[in-house]
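Novice: Next come a sequence and a model predicted from it.
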Amino acid sequence: MTEFAIICGSGGLERATSFAPVTCPGSRYGAPSETPRIGTIEGAEVLVLARHGVPHRLAPHLVNYRANLDVLSQLGARRVLALNTVGGIHPRAAVGAIVLPHQIVDYTWGREHTYADAAELLHVEFTDPYDDILRRRMLAAGTSAGIELLDGGVYGCTQGPRFETAAEIDRMDRDGCTVVGMTAMPEAALAREKGMAYCSLSLVVNPAAGRADNAIDLEVISAVSREGMQRVERLIRVFFQREVGAR
Ligand code: HPA
């Protein structure tokens, strides 16, 4: 059984071709974004699932988050590292920064967001949506790799797939959001329902709407995300070196 899973977002480990598809158990919640793959990173066996599918085809509101977390859980994952690309709202979250968020505000709607069915009352504890132990281990990996991480931040999760208006970003700023993305929820809550520890590496790929003179440019976003995801991959390698070394 494999303890760790990485859910990758736009770019990054999506292209980890050395990872082989696992025979997938099937989910009562439907099809996951892709067949999860398995491989080793620095000696640790790790499951990888591309949230948007391979090739990238599923918009954030169409991702089957329940099936994704369900298959990873069935395959034995107990800890999930989520990779996200986000827009920066707070000046601290400048383009290129890697944020390790500690909180979430959920602005999504209409997504299948729980495993509880109508006959079941399920109130999970979610005061701190991100696992503190994983966050601290990631911060330590950052220090040891010489990769700067922003410790803490509020991830405001919008519905998408459109970007936000400037006024929506102003409101999110007043709400205390540091960054804005479209995929933290319901992923984090479903991981909690499954009892899996969860943390996010959120790479800032653009200033949020209205926070820069020019409009959001998708080509710039993909260039920033290519460079940033290389840093994220290096960080993940150091994270697993340390995990394996600690065993
Ligand atoms: N808004 C929402 N999601 C995003 C953004 C953004 O500006 N950038 C990357 N993902």
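Specialist: On my side now, so go ahead.
Novice: Checking the nearest residue to Ile41 once chain neighbours are set aside next. Helix, strand or coil?
Specialist: Counting by CB to CB, 6 or more residues apart in numbering, Ile41 lies nearest to Phe240, which is 4.6 Å off, once chain neighbours are set aside. Bear in mind the C-beta positions are built from the backbone N, C-alpha and C, glycine included. Under DSSP: H, G, I helix; E, B strand; the rest coil, Phe240 falls in the helix class.
Novice: can you tell me how far Phe240 sits from Asp175?
Specialist: The gap separating Phe240 from Asp175 is 35 Å, by CB to CB, to the nearest Å.
Novice: So for the two, which residue has more residues nearby?
Specialist: Each of Phe240 and Asp175 has its neighbours counted (other CB atoms under 10 Å); Phe240 has more, 21 against 12.
Novice: Any buried residues in stretch 182-197, and which?
Specialist: 182-194, 196-197 (16 or more other CB atoms under 10 Å).
Novice: Can you pull the poorly scored residue ranges out of the protein?
Specialist: 1, 11-17 (pLDDT under 70).
Novice: Ala145 - how many residues pack around it?
Specialist: Count around Ala145 with other CB under 10 Å applied: 18.
Novice: Then Ala141?
Specialist: So Ala141, with other CB under 10 Å, has 21 neighbours.
Novice: got it, and the one 5 residues further on?
Specialist: Residues within reach of Gly146, counting by other CB under 10 Å, total 9.
Novice: Return the distance of stretch 153-160 from the chain's centre.
Specialist: 11 Å (CA atoms, centre = their mean, to the nearest Å).
Novice: which residues are in contact with it?
Specialist: 59-61, 84, 86, 89-90, 92-93, 99-111, 164, 168, 172, 175-185, 200, 202 (CB atoms under 8 Å, 6 or more residues apart in numbering).
Novice: Could you give me the PyMOL syntax to select whichever of those are buried?
Specialist: Buried residues within the contacts of stretch 153-160, by 16+ other CB under 10 Å, are selected in PyMOL with:
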select buried, resi 60+84+86+89+90+93+99+100+101+102+103+104+105+106+107+108+111+164+168+172+177+178+179+180+181+182+183+184+185+200+202
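Novice: Just the ones of the contacts of stretch 153-160 in strands?
Specialist: Among the contacts of stretch 153-160, the ones falling in strands (DSSP state E) are 84, 86, 99-100, 103-106, 179-181, 200, 202.
Novice: is whichever residue of the chain sits closest to the ligand in a bridge, and if so with what?
Specialist: Here the residue of the chain nearest the ligand is Gly87; by CB to the nearest ligand atom that distance is 2.4 Å. Beta bridges link Gly87 to Val180, Asn206 when assigned by DSSP bridges.
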